[in-house]
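>>> missing the sequence, but the structure's below:
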């Protein structure tokens, strides 16, 4: 693979069905025992944690595994018949957990060691016959290692993607296989290179009304080629409010006394609703960007205090609050399509007219219209996003 090829890694979740789910549980218990053994060992030899991960792994193996010289190690592993890649997966998980504990202990002295419940990561050699429909896993039955064929249910993997080490997780009554998928892109040009080559950019401004976001597309010369509004904000807020009313009604029936895990199904419904709309709006934005042959997506960046106050005012279930989730999804989804997402500081984009540069003297929040000193009238979010696009071109253009 050429060194100038870019890539992104996302995790696919597939439903896993097998004949002996109890074997997977025993495999995880065994994995956690090995992980805990190395975790405690690394905490007892903190100096090893200062090495790189590969050197730390090698040092821990020297302490626990008999080498070619047949010398008994200092801390022999108390189990026999542990496959090499199963052991190494557990060691790497223990290293990550131990380093996290050591770094936190510096800020919180006396912090107790954690009890580990990690999902089993299957390295190559521990699985075979892997496709989107099935996988054969090497599992511990409690007495011996066996190969077990499992059925998978979920979306197909991208044709050119590289499948990385999967892991098995227990989610309530379901078994899930989490698969990191590595997808490649040949276009690794920087933002400055793309803009100086005259490629199109799409600037986006988020709102707290029925419109989730406003976007404008312009070419390298600054000429606007298209404008787009993405709606559905009122529908999202309405659906959230319906669920919140159910939560409030349930609390009244309990005398407003909080109970452990109360209304969990409703809170999870709210979470899933925000994830659904976040993915939906992100996909719509990305589809538009691909259709318009956009190379860079520009988002506004505000200072931390301003963002905190605006988010608080918009409410936890308002359209604007969803912008954080949309930004998160848009970043990795765009890169898979060869599009870079950047943030440009939004200072002043709402104070001047995008058409003539005059000061905005009047804004009507009910109609979302603004008017400048020269009488130009337009949507205030569209005006702001046009200024954001101009600001990006100025910052990264040929004169930069």
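Alright, I've got the coordinates. Computed from a predicted structure; not experimentally measured.
>>> which residues of the stretch 101-250 of the chain score low on pLDDT?
Where the stretch 101-250 of the chain drops to pLDDT under 70, the residues are 106-114.
>>> now the helices for it?
For the stretch 101-250 of the chain, applying DSSP state H, counting those that start in this stretch gives helices covering 191-196, 233-253.
>>> quick one: closest of those helices to residue 9.
helix 191-196 (21.1 Å; C-beta to C-beta). C-betas here are computed from N, CA, C, even on glycine.
>>> quick one: which of the helices of the stretch 101-250 of the chain is nearest residue 47?
Residue 47 lies closest to helix 191-196 among the helices of the stretch 101-250 of the chain, at 42.3 Å (C-beta to C-beta).
>>> list the buried residues for that closest one?
191, 194-196 (16 or more other C-beta atoms under 10 Å).
>>> what does stretch 277-290 give?
Using 16+ other C-beta under 10 Å as the test for burial, stretch 277-290 gives 277-278, 280-282, 284-286, 288-289.
>>> with these in mind, which one is nearest to residue 168?
residue 278 (26.8 Å).
>>> surely that closest one touches residue 330?
No: assessed by C-beta atoms under 8 Å, residue 278 is found out of contact with residue 330, at 9.2 Å.
>>> burial of residue 132, as a residue count?
Here the number of neighbours of residue 132 (other C-beta atoms under 10 Å) works out to 15.
>>> now swap in residue 360 and tell me
By other C-beta under 10 Å, the residues close to residue 360 number 19.
>>> buried ones in whichever strand or helix holds it?
Element membership of residue 360, judged by DSSP states H and E, is strand 360-364. Residues of strand 360-364 classed as buried by neighbour count (16+ other C-beta under 10 Å): residue 360.
>>> who does that strand touch, helix- and strand-wise?
strand 369-372, helix 380-396 (3 or more C-beta pairs under 8 Å, 6 or more residues apart in numbering; DSSP states H and E).
>>> tell me which of these lies nearest to residue 123.
helix 380-396 (42.0 Å).
>>> what packs against that closest one?
The contact analysis (3+ C-beta pairs under 8 Å, 6+ apart) places helix 380-396 against helix 191-196, strand 200-206, strand 211-218, strand 224-231, strand 294-301, strand 340-345, strand 360-364, strand 369-372.
>>> now those in a markdown table, with distance to residue 59?
Shown next, in a markdown table, are the helices and strands packed on helix 380-396 (distance: least, C-beta to C-beta, whole Å):
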| stretch | distance to residue 59 |
| --- | --- |
| helix 191-196 | 42 |
| strand 200-206 | 49 |
| strand 211-218 | 51 |
| strand 224-231 | 53 |
| strand 294-301 | 43 |
| strand 340-345 | 40 |
| strand 360-364 | 63 |
| strand 369-372 | 64 |
